[in-house]
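# take this sequence and fold it.
(one chain, ligands or ions: 1)
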Amino acid sequence: MPVFCSHYTLHDLGQLSQRDDLGDDTPVLRATTDARTAVYETICVPLTNNKWKARWRELCILNPNEPQDKLAEIEQRAEAWRSKPAFFRDEVTISRLDEAEYIIPLISDWLELDAADDWVRHDAEIALQQELAYASYLNTQCVILPPPSNRTQVGSYARAVNACLNSISFMELSIRVPIYDAVTVMQVPSRSPSPVPSPVEPASRFSPASVETNGSPPESNMTTWEMWDTIRTICGYHPRLTLTLDLTPPLPLSSTVLDQWQAEPVRNLWLPASTFIANAKGYPVLPKGTQSFIRDIMKLQPNVILSGTKAKKHPRGGELAYIQYVKHLEKTSPSIKAANTAGTVENFAQGYQDYLQAPLQPLMDNLQSITYQTFEQDPVKYRNYEEAIYLALKDRTQPGRVTLCVAGAGRGPLVARALKAVERAKADAFIYAVEKNPNAYVTLQERHKTEWGDEKVKLLYGDMRALEVPEQVDILISELLGSFGDNELSPECLDGAMRFLKPEGISIPASYTAYIAPLSSSRLYNETRPSKDSKSSETPYVVMLHAINILSDNGAGISGTCGPRVQECWEFEHPRKDAVLTEQGLPLTNSHNVRAAKLTFHIPHAGVLHGFGGYFEAVLYGNVGISIHPERMALISKDMLSWFPLFFPLKDPLYLPADAELTVSVWRLTDARKVWYEWYAEAFLPVPTSSVSSPIWRDALSPMSPSPDSSFLSPVASTPTIVTSPLLDVPHLTLEVPGSMSMMGDRQREGVSLVKISQTALHNPGGRSSWIGL
Ligand SMILES: C[S@@+](CC[C@H](N)C(=O)[O-])C[C@H]1O[C@@H](n2cnc3c(N)ncnc32)[C@H](O)[C@@H]1O
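Modelled structure (predicted):
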């Protein structure tokens, strides 16, 4: 549940201090009582007051027009302060420990950590350390830092914050960042102390207004998200660095640009009364775009800080109308509603969001009963399997007894569903149930004795790749699927089981397909980063993806060659026709289960790539399937609980500018003992050909590439490397557009080259960090 917080300004506290009924209360204590009576949980107050601001300015911003002896005296005092920074009691708003209990302190917003002037930055950093040390002493959990305002000095701001993070333990530093691009570059910082006369050499600290003339960097047009990205990157993705997203600026027309924030550690939303508009009755409401942004971001459960609500900006409703309205948005947030509805994945996954789990190895390991029990809670998977078996039975034209085999029966739920389907189809059927887990086999024996009986079911104990079955069957049913389809070795196990399927027999599932999408998620990056364990960033994890953003869209990109937002890697079909078999009907090698994919994604907005989401979709029989594909799961197997996606991490984040084209290579590889995945990515930026002197043309298409038009050359040495769009890479360098592509603006593609801008390492070569045992 988000915590609601009321912002009190120094002016508000000043007014409270004038009240006759204050008694023993301080203004902060009274503000806390008032807010908590009015359904807020906490209050947010400036940590310091104008007395501190005046002292700091007096010490740190010198006026060169002052007489020399006065300047020398101030400098003495300033040095004394720098050597032992401390507050006087009347410079802080919270001087009693009991005042601090329900407080989120705001660090002084006039501190210019990003001032253009070196001295101002230097002294602002000392003051920041002083304020943070005091807030930490007060035992506050989180403080809010003012936003950077001078984008050319964001690096200095971030360096100072990083120094504070490393010197102060426990406390979270939350940077207030405007949600959208409303901050302008300031040649003269707006928070600069009072106007000062022109500078005198050499003491540049005399004047913050004198800056950014000679040799200063050009004005930056960073978006606010890029500004945040710079800060958190400089701070090394510090786990105690969070965001206070300021909703003061109006939102952009395109909401997808705001999706970036979904993947960030948003701790607080700063929501001023001025963002609200009055509805027809005069009550405060939010514009449509802001409503839907807040509903979406509620899945991160940020605290909501309401500001300026006492100012009577809107004719009706009073102060409480704002909080009531935001609470209504929270209640109607799709993710909160889903989380509160029994039977949904979101409800089932409570507590598992973004929690990394090692994928199961059901072939190598024997599963625990509790794991089977968790599978068996899934209402959708078994329903769809039953339906697929039922349809397969109904479609049969041959008369007589039908034989089925459940390969990998576990504790027997698919045997029970197969029996139900047989009953519904009124078929004469016999079922073999194969299982290699000796412990689950006891449960199977129990159910066989008490529920199923010899007439309907025969149990077979052993590995389906080696076991002999008394007769070939008509329908082979299995569920050996992982989050990426083939990652629990279904292809290898079913290769072994195909011996006991009749030549014209049916496999349920008939096929399964692996998909990936490029993801941003600072949380998952933090969990898998190499500093913890070098293997951790080369291991695919099962994870209920939550605070993430899929960076790609369905656009073809400027080159016209990008695929959809979530793309297919490869497919496995059963029964399969391509393997060379031994006399025993087993494949000679596992080469036919090797796969490779090279996929190109369009990245519409700047973002940081932290890894890939891995998903699968399976055709069970006919039009019955199961899917965790993010865009199709609701249509194919809504509320199916058995699989969370896979996350393929990257060791290092890869920054992608807007309109970049990302080429991702993934391999499924194998030797005699194991199967593993390797992956890497390259980023390209389309530029007009005229600006490219000599493009390096790509080689012929790789024979491994499943889709010829998504293949790129392997990286070449020089940086930046220039390659052409795959579409342009045809014999004689003529532009031949395949039929499906010809709709994409040829005008755009003509004259467009792709400049390579970055690349990741190859992850998990040879399966050195993660593999699945055969
Ligand atoms: C994912 S579980 C599914 C269990 C059950 N069919 C269900 O749907 O609840 C896969 C089962 O297949 C078994 N299994 C995996 N590989 C096998 C093999 N090569 N031979 C026999 N059983 C196998 C595992 O022990 C496990 O019980």
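# pairing partners for the host helix or strand of Ile43, with directions?
In the assignment (DSSP states H and E), Ile43 maps to strand 42-46. When pairing is defined by DSSP bridges, strand 42-46 lines up against strand 4-7 (parallel), strand 103-106 (parallel).
# enumerate the residues of this protein near the ligand.
Within reach of the ligand by C-beta under 6 Å from any ligand atom, the chain has these residues: 362-363, 367, 372, 375-376, 408-410, 413-414, 434-437, 440, 463-465, 479-480, 493. Quick note: C-beta positions are derived from backbone N, CA and C, even for glycine.
# the strand holding Ile43 - what's its average pLDDT?
Mean pLDDT, strand 42-46: 97.
# can you give me the offset of it from its chain's centre?
Remark: strand 42-46 is offset 30 Å from the chain centroid, using C-alpha atoms, centre = their mean, to the nearest Å.
# coming back round to it: could you dump the strands paired with strand 42-46 into a markdown table and include mean neighbour count and distance to Val422?
Formatted as a markdown table, the strands paired with strand 42-46 follow (neighbours: other C-beta atoms under 10 Å; distance: least, C-beta to C-beta, whole Å):
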| stretch | mean neighbour count | distance to Val422 |
| --- | --- | --- |
| strand 4-7 | 24 | 57 |
| strand 103-106 | 25 | 63 |
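# out of these, flag the one nearest Lys381.
Between Lys381 and these, the tightest spacing by C-beta to C-beta is seen for strand 4-7, at 39.7 Å.
# in this protein, which helix has the most residues?
Determined from DSSP state H, the single longest helix within the chain is helix 118-137.
# so for Ile626, which of the strands paired with strand 42-46 sits nearest?
Among those, the nearest to Ile626 by C-beta to C-beta is strand 4-7 (40.6 Å).
# the next helix or strand after the closest one packs against which elements?
Counting by DSSP H and E, the next helix or strand C-terminal to strand 4-7 is helix 10-17. On a contact count with 3 or more C-beta pairs under 8 Å, 6 or more residues apart in numbering; DSSP states H and E, helix 10-17 meets helix 27-37.
# tilt between the helix it packs on and helix 10-17?
Using axes from the mean of the first three to the mean of the last three C-alpha atoms, to 10 degrees, one finds that helix 27-37 and helix 10-17 are set 90 degrees apart in direction.
# quick check: closest non-adjacent residue to the one residue in the stretch 1-150 of the chain that gets nearest to the ligand.
Proximity to the ligand, evaluated over the stretch 1-150 of the chain using C-beta to the nearest ligand atom, is greatest for Met1 at 34.8 Å. Closest residue to Met1 apart from its sequence neighbours, by C-beta to C-beta, 6 or more residues apart in numbering: Gln301 at 6.9 Å.
# repeat for Ala273
Excluding the flanking residues, the one nearest Ala273 by C-beta to C-beta, 6+ apart is Gly308, at 4.0 Å.
# so who does that neighbour touch?
Counting by C-beta atoms under 8 Å, 6 or more residues apart in numbering, Gly308 touches 7, 272-274.
# go ahead and flag the most central residue of this protein.
Geometric centre of the chain, nearest residue: Ile548, 1.9 Å, by C-alpha atoms, centre = their mean.
# for it, give me phi and psi.
phi -130, psi 160 (degrees, to the nearest 10).
# help me confirm that it comes into contact with Gly611.
No - checked against C-beta atoms under 8 Å, the pair Ile548 and Gly611 is beyond contact range at 9.2 Å.
# any shared contact partners between these two?
519, 521, 524.
# what about Ile772, how many neighbours?
Using other C-beta atoms under 10 Å, Ile772 has 23 other residues around it.
# from the ligand, how far out is it?
Ile772 is 11 Å from the ligand, where distance means C-beta to the nearest ligand atom, to the nearest Å.
# which residue sits closest to that residue in space, ignoring its chain neighbours?
Ile772 sits nearest to Val675 (C-beta to C-beta, 6+ apart), 4.9 Å away.
# now swap in Asn549 and tell me
Of all residues not flanking Asn549 in the chain, Ala263 sits nearest, at 3.9 Å (C-beta to C-beta, 6+ apart).
# so where is the protein shaky, pLDDT-wise?
Residues of the chain meeting the criterion pLDDT under 70: 182-221, 532, 690-750.
# could you chop it up by domain?
Using automatic domain parsing, the domain ranges for the chain come out as 4-276+301-309, 369-479, 513-683+759-773.
# and the longest one, how far out from the chain middle?
Domain 4-276+301-309 has its C-alpha centroid displaced from the chain centroid by 28 Å (C-alpha atoms, centre = their mean).
# quick one, phi/psi of Phe684?
phi -130, psi 150.
# surely it and Thr663 touch.
Yes - look at Phe684 against Thr663 with C-beta under 8 Å: they come within range, at 6.9 Å.
# residues touching the closest residue to Ile305 other than its chain neighbours, list them.
Once flanking residues are discounted, Ile305 sits nearest to Cys5: 4.4 Å by C-beta to C-beta, 6+ apart. Residues in contact with Cys5 (C-beta under 8 Å, 6+ apart) are 35, 40-44, 104, 268, 303-306.
# same check, this time on Cys164
Residues in contact with Cys164 (C-beta under 8 Å, 6+ apart) are 128-129, 132, 173.
# what's the angle between the strand or helix carrying it and helix 118-137?
Under the criterion of DSSP H and E, Cys164 resides in helix 154-167. Here helix 154-167 runs at an angle of 30 degrees relative to helix 118-137 (the same axes, to 10 degrees).
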